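Colleague: the following block contains a protein sequence and its predicted model.
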Amino acid sequence: MDDADLAQHISELADEEHRLERSHVGEGLNPEELERLRDIQVALDQCWDLLRQRRARRHSGQDPDAAIERPSDVVEGYQQ
């Protein structure tokens, strides 16, 4: 996946996240929707991490295609 593909996927995931959140304004999500929302959030974190890796590799003269998607437990464990 190149940078443009990643950006497109991020946009699609963010749109889905927003649609899900807007569809339940003033009420809670059901368990399946909560699980899907969490899956979307994790996928977004992974995509952003991969995009940052690709940009850093390119900036340092390395091959951006050598960047790898990190597991969810890794990206979710980052300190903000």
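Modeller: Here it is on my side, so go on.
Colleague: what does stretch 27-41 contact?
Modeller: 13, 16-17, 20-21, 24 (CB atoms under 8 Å, 6 or more residues apart in numbering). C-beta coordinates here come from the backbone N, C-alpha and C atoms, glycine included.
Colleague: which among these count as buried?
Modeller: Buried by 16 or more other CB atoms under 10 Å: 13, 16-17, out of these.
Colleague: just to revisit the earlier point, looking at the contacts of stretch 27-41, which one is closest to Glu69?
Modeller: Leu13 (13.7 Å; CB to CB).
Colleague: tell me the pLDDT of His24.
Modeller: With respect to pLDDT, His24 has a value of 80.
Colleague: from Ala4, how far off is it?
Modeller: From His24 over to Ala4 the distance is 32 Å, taken as CB to CB, to the nearest Å.
Colleague: ok, Glu17 next?
Modeller: Glu17 is 20 Å from Ala4, by CB to CB.
Colleague: residue ranges in the chain under the pLDDT threshold?
Modeller: 79-80 (pLDDT under 70).
Colleague: and the helices in it?
Modeller: 3-22, 31-59, 72-75 (DSSP state H).
Colleague: which of these is buried the deepest?
Modeller: helix 31-59 (a mean of 15; mean count of other CB atoms under 10 Å).
Colleague: and it with helix 3-22, angle?
Modeller: Put simply, helix 31-59 runs at 150 degrees to helix 3-22, going by axes from the mean of the first three to the mean of the last three CA atoms, to 10 degrees.
Colleague: quick one: helix 31-59 to chain centroid distance?
Modeller: 2 Å (CA atoms, centre = their mean, to the nearest Å).
Colleague: residue most distant from the centroid, this protein?
Modeller: The outermost residue of the chain relative to its centre, with distances by CA atoms, centre = their mean, is Gly26 at 25.7 Å.
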